[in-house]
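J.: from the sequence below, what's the structure:
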Amino acid sequence: MILTQLALLLLVQAAPAQQLTGPERFFIGRVEGTGTVRIIFSGTSTVRDVSRGRMERGALIIDQIVQQEGSAPRRRTWRLVRNGANRFTGSISDVSGAVQGEVNGNVLHLRYRTTQGPTVEQWITLHPNGRTATNRMTFRRFGIQVATVEEVIRKVD
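T.: Below is the predicted model of the structure:
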């Protein structure tokens with residue numbers, strides 16, 4: 001009886017580590033991204049970002065530094081929490097309001113509004129190798145697409 005209770009206790013304590021799938025598993029540790037930003041009437045520029053993720057009280061926390069060509073680096077902090085098997089809610093430090101997301105297979109689809117006004121839809125597609133992902137973002141203002149980001153993200157550790 002005591003051994004059974006001890007085994008159940010160990011399973012319950014181990015469960016959170018086993019639940020790390022998809023986005024959580026990929027973003028824990030260091031990841032780096034490189035890509036292209038296209039803004040209507042402004043042209044194309046490169047973007048690089050470095051992120052470090054961790055799990056904290058059931059939330060995926062990602063500290064990120066984004067460097068867009070011609071702009072000063074900016075820091076962002078993401079906080080994403082699973083709400084069910086394939087839903088996320090959370091916040092990003094430079095976003096107004098909540099971040100909403102859903103996982104469909106190997107794709108994380110996020111929706112939010114930036115503090116500058118545009119709404120963002122973001123699709124992060126995890127590749128089968130577990131070490132890379134593609135990130136596609138569209139920015140819309142008044143329903144018109146004003147910018148896109150195409151990026152490859154690589155897991156460093």
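
J.: helices of this protein, start to end?
T.: Along the chain, the stretches classed as helices by DSSP state H are 2-18, 22-27.

J.: which one of those has the lowest average pLDDT?
T.: When those are compared by mean pLDDT, helix 2-18 comes last with a mean of 34.

J.: tell me what the longest strand anywhere in the chain is packed against?
T.: What stands out as the longest strand in the chain, according to DSSP state E, is strand 43-56. For strand 43-56, the helices and strands in contact under the criterion 3 or more CB pairs under 8 Å, 6 or more residues apart in numbering; DSSP states H and E are helix 22-27, strand 29-39, strand 59-68, strand 144-155. C-betas here are computed from N, CA, C, even on glycine.

J.: ok, now which ones touch G43?
T.: With contact taken as CB atoms under 8 Å, 6 or more residues apart in numbering, G43 is in contact with no other residue.

J.: with R25 instead?
T.: Counting by CB under 8 Å, 6+ apart, R25 makes contact with G130.

J.: pretty sure A59 contacts N83?
T.: No - the pair A59 and N83 fails to qualify as a contact (CB atoms under 8 Å) at a distance of 11.3 Å.

J.: who has more neighbours, the two?
T.: The neighbour comparison of A59 against N83 (other CB atoms under 10 Å) goes to A59, with 18 against 13.

J.: for the more buried one, give its distance to T114.
T.: If you measure A59 against T114 using CB to CB, to the nearest Å, the figure is 21 Å.

J.: swap in N83?
T.: 22 Å.

J.: V152 too?
T.: Using CB to CB, V152 is found at 22 Å from T114.

J.: again, but for A98
T.: When CB to CB is applied, the distance between A98 and T114 equals 13 Å.

J.: quick one: contacts for S91?
T.: With contacts defined as CB under 8 Å, 6+ apart, S91 is in contact with 78-79, 98-99.
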